[in-house]
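Need the 3D shape of this:
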Amino acid sequence: MIRVLGFGMGPQHVTPEVAQALRGCDYVIAASKSEEDDLLAVRRVICEQYGVELVAVRDPERDREPVGDGGYVTAVADWHQARVTAYREVIEARGGTVGFLVWGDPALYDSPIRIVSQLGDDWDVLPGISAPQLLAARHKIVLHSVGQPVHITTARRLRADIDAGQTNLVVYLSGFLELGGLEDWQIWWGANLGTPSEELVAGRVGTVLGGLAEARARAKATAGWVMDIYLLRAPS
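Numbers count the residues shown, from 1 in each chain. This is a model prediction of the structure:
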């Protein structure tokens, strides 16, 4: 049995449902990206809290400079397949019930479901608190205007989506902030939400962009990593 378990941004977001599932796991598999992997450390804390062994698997290298959208999709697919191979070796050797702890909610911008679906037929998914939920809560906002949609995308697709007419966007995986020409748009931004290194910025893009870059740098310096997300809305 494989259990895909969303845990939000840390132990404080583990739901009772996920906690019960964790207690029933024989071990948890987690990718280790470096010798000092701060993201792995969060998973380790959760496992210790619920008395579950964590098995760290060295994360395969990924092509970080693919050419075009097609190259990006291929690079990610190759990376996922390498993860499948690495995880299958552990599962076949150990057996039992295994958990995969997923940042935020497994339904949004993460690979475990795609990977686990290739590892066997006996698996399930339990939801977690997502980054857009935390972003809206921290800024005390609704993600969309009355009767209007919200478009969820990534920074690499932001310009294409705006050119296609999107005016209210939740943006994941920013990596960097390329917001030139959007100075009159409104932004609600957050980094490392729900953690001690959380940073929040909101306002007109042209006014807050400098402070936003500084806040992002602070979050990374404090935690050793940064995961940010923002809501971007065109002027009405």
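
can you list contacts of stretch 81-95?
Contacts with stretch 81-95, where a contact means C-beta atoms under 8 Å, 6 or more residues apart in numbering, come from 2, 26-27, 29, 31, 55, 57-60, 98, 111, 115, 118-120. In short, each C-beta sits where N, CA and C put it, glycine included.

Name all residues that make contact with residue 80.
Contacts of residue 80 were listed using C-beta under 8 Å, 6+ apart, and they are 111, 114, 115.

how does it look with 10 Å?
For residue 80, the contacting residues are 60, 62, 111, 112, 114, 115, 118, by C-beta atoms under 10 Å, 6 or more residues apart in numbering.

ok so, going back, let's see which of the contacts of stretch 81-95 end up in helices.
Using DSSP state H, the subset of those located in helices is residue 115.

about what we covered before: which of the contacts of residue 80 count as buried?
Restricting the contacts of residue 80 to buried positions leaves 111, 112, 115, with burial counted as 16 or more other C-beta atoms under 10 Å.

Residue 172: which of those is nearest?
Minimum distance to residue 172 across those is 13.3 Å, recorded for residue 111 (C-beta to C-beta).

Please tell me how far the closest one sits from residue 191.
As judged by C-beta to C-beta, to the nearest Å, residue 111 and residue 191 stand 21 Å apart.

likewise residue 119?
To residue 191, residue 119 is 32 Å away according to C-beta to C-beta.

Among the two, which residue is more densely surrounded?
When residue 119 and residue 191 are compared for neighbours, residue 191 comes out ahead with 26 against 19, by other C-beta atoms under 10 Å.

can you tell me which residues contact that one?
Residue 191 makes contacts with 174, 197-201, 212, 215-220, 222-223, 225-230, as judged by C-beta under 10 Å, 6+ apart.

Pop out the phi and psi values for the closest residue to residue 136 other than its chain neighbours.
For residue 136, ignoring the flanking residues on the chain, the nearest one in space by C-beta to C-beta, 6 or more residues apart in numbering is residue 143 at 5.3 Å. Backbone dihedrals for residue 143, given as degrees, to the nearest 10, come out at phi -70, psi -10.

how about residue 143, what does it touch?
132-133, 135-136, 149-150, 152, 168-170, 188, 231, 233.

Could you list the domains of the protein?
Listed by automatic domain parsing, the domain ranges of the chain are 2-126, 131-233.

Rebuild those as TSV, extending it with mean pLDDT.
Shown next, in TSV, are those (pLDDT from 0 to 100):
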stretch	mean pLDDT
domain 2-126	88
domain 131-233	93
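
got the buried residues for the helix or strand that contains residue 80?
Taking DSSP states H and E as the definition, residue 80 sits inside helix 68-94. By 16+ other C-beta under 10 Å, the buried positions in helix 68-94 come out as 75, 79, 80, 83, 84, 86, 87, 91.

This protein: helices as residue ranges?
Secondary structure of the chain (DSSP H): helices at 16-23, 38-49, 68-94, 112-116, 131-139, 158-163, 205-223.

want to try a markdown table for those, with distance to residue 10 as columns?
Listed next are these as a markdown table, based on distance: least, C-beta to C-beta, whole Å:
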| stretch | distance to residue 10 |
| --- | --- |
| helix 16-23 | 12 |
| helix 38-49 | 6 |
| helix 68-94 | 23 |
| helix 112-116 | 17 |
| helix 131-139 | 11 |
| helix 158-163 | 27 |
| helix 205-223 | 11 |
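
Can you check which of the ones you listed gets nearest to residue 184?
Comparing those against residue 184 with C-beta to C-beta, the closest turns out to be helix 205-223 (6.7 Å).

Centre of the chain to stretch 123-142, how far?
The chain centroid and the centroid of stretch 123-142 are separated by 11 Å, computed with C-alpha atoms, centre = their mean, to the nearest Å.
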